[in-house]
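1. build me a model:
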Amino acid sequence: MPPESPYPMISIEEALAIIQRQARPLPAVTLAFQDALGYVLAEDVFADESMPPFAASSVDGFAVVAADGPGLRRVVGDQAAGYIADVRVESGTAARVTTGAPVPAGADAVVMVEQTELSDGQVDILTNDIQPGSNVRSIGQDIESGQLVLAGGTVLGPAELGLLGTVGRAEVTVYRRPTVAVMSTGDEIVEPHEKPQPGQIRDSNRFTLMSVVRQAGAKPLDLGIVRDKTGSLGEIIERGLSKADALLTSGGVSMGQLDLVKPYLASRGTVHFGRVNTKPGKPVTFATVDGKPCFAMPGFPVSALVSFEVFVRPALLKMAGHSQIYRPREQATLAHHFKHAAERTEFQRVVLTRRLDGTLIASSTGFQGSGRLLSMSGANGLVILPRGQGDFEAGSVVEALLISRVEMEMAEGTAPIQGV
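-> Predicted coordinates:
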């Protein structure tokens, strides 16, 4: 009689809820603002001064008194950006100004140079459309003193870094990104550069998992390959936990005599679940040791990657301070027949394409075996085939998890548009 797992089978929703209760944002750190790209703000940022701090010209031209209207004016000086010249504009006069320069005292408008003619120290204003404030950026037009510029929880992109520079925040407080210790287990696996002996295979999981850890904004710590021995396993896990914020393993979570990951995690901490009603990835395991999340992925490459997408990536994003932690989901129409066993919810790998009418079309990447990594190559989505129903016919509408960009179909002869 086959051994029976001591862990109850739970739903995907239960598993996600358990993980989110245990995963918490890491403590904040202070970084130079230019090094904070992609980090999440752990504080509110306010402006200490108005921007611009002075009335500034938005064009190259001439500063004037708007009420004078069109006609000749005597040029009394120049005002360039970067300093304040000793120039004052009065009725009947004008001053040459450059973009970004302070508007000289007495002037209340700027006329673009294209609407003027300069000759013998005089400028002829050729437009009738001169209003007070024309082409002038007023004090605080962009940012007011004391204004909330960036709220805590904001993900810092290029524009946000520019705002930090604008308001003079040379350093900023952000949530620390997690370091994730990654290891593969098994006597049968060897490094990619080695020639496998009979009964051995090259390790792919460690490298794919370290790559998706990086894509999630976290930092992988390579623990290498761990052999199926209790002492060796425990030693490497402890080393990883001492240096990292989370642990990510592949292999050693099924019911074989040499599947030692679950027993070791149970001896050191709490295994919150050890089986999930999903395909691929039924034996995926989540534990905490000394408060640190530990994810044990199945050994099949596709099982490991899909389990990472569904369970691990959201936790790592939450640890880094993100509030939007899940991949977007949309309704997708199946392009053809999809085989499905009704016992478990299945994540099948697909290529998603968006039609001009907005419909999302899902096409299978081929045979969906858990060991066939080719089924993940080129996939930009996972269709979710729920438990309780067998095969799905072409035209069926199901939910899809978008894991990368989706191209939009275009009329024949035109280039595709990159979508969400």
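2. buried residues in the longest helix seen in the chain?
-> Using DSSP state H, we find that the single longest helix of the chain is helix 230-243. Buried residues in helix 230-243, counted by 16 or more other CB atoms under 10 Å: 233, 236, 237, 240, 241. Where C-beta positions appear, they are placed from N, C-alpha and C, glycine not excepted.
3. now the following helix or strand past that helix and helix 230-243, what's the angle there?
-> Downstream of helix 230-243, the next assigned helix or strand under DSSP states H and E is strand 246-250. Counting by axes from the mean of the first three to the mean of the last three CA atoms, to 10 degrees, strand 246-250 points 140 degrees away from the direction of helix 230-243.
4. for strand 246-250, packing partners?
-> Packing contacts for strand 246-250, counted by 3 or more CB pairs under 8 Å, 6 or more residues apart in numbering; DSSP states H and E, involve strand 179-185, helix 205-215, helix 230-243, strand 292-297, helix 313-319.
5. got the residue ranges for the helices in the stretch 1-150 of the chain?
-> Using DSSP state H, counting those that start in this stretch, the helices assigned to the stretch 1-150 of the chain run over residues 12-22.
6. helix or strand with the lowest mean pLDDT in the chain?
-> strand 417-418 (a mean of 48; mean pLDDT, DSSP states H and E).
7. ok, the residue lying farthest from the centre of the chain to residue 74 distance?
-> The C-alpha centroid of the chain is most remote from residue 120, which lies 58.8 Å away (CA atoms, centre = their mean). If you measure residue 120 against residue 74 using CB to CB, to the nearest Å, the figure is 10 Å.
8. now residue 186
-> Taking CB to CB, one finds residue 186 at 88 Å from residue 74.
9. higher neighbour count, these two?
-> Neighbours per residue, other CB atoms under 10 Å: of residue 186 and residue 74, the larger number sits with residue 186, 20 against 11.
10. how close does that one sit to residue 66?
-> Distance, residue 186 to residue 66, using CB to CB: 80 Å.
11. how about residue 155?
-> In terms of CB to CB, residue 155 sits 43 Å off from residue 66.
12. same question, residue 174
-> 46 Å.
13. looking at the two, which is more packed in?
-> More crowded of residue 174 and residue 66, by other CB under 10 Å: residue 174, with 25 against 16.
14. quick one: contacts for the closest residue to that one other than its chain neighbours?
-> Leaving aside its sequence neighbours, residue 174 sits nearest to residue 39 (CB to CB, 6 or more residues apart in numbering; 3.8 Å). Residues near residue 39 by CB atoms under 8 Å, 6 or more residues apart in numbering: 31, 155, 156, 174, 175, 177, 320, 321.
15. and residue 117, by the same measure?
-> The contact partners of residue 117, taken as CB under 8 Å, 6+ apart, are 123, 124, 126.
16. if I look at the residue lying closest to the last one once chain neighbours are set aside, how far off is residue 75?
-> Pointing back at residue 126 there. Once flanking residues are discounted, residue 126 sits nearest to residue 115: 5.1 Å by CB to CB, 6+ apart. Distance check for residue 115 against residue 75: by CB to CB, it reads 15 Å.
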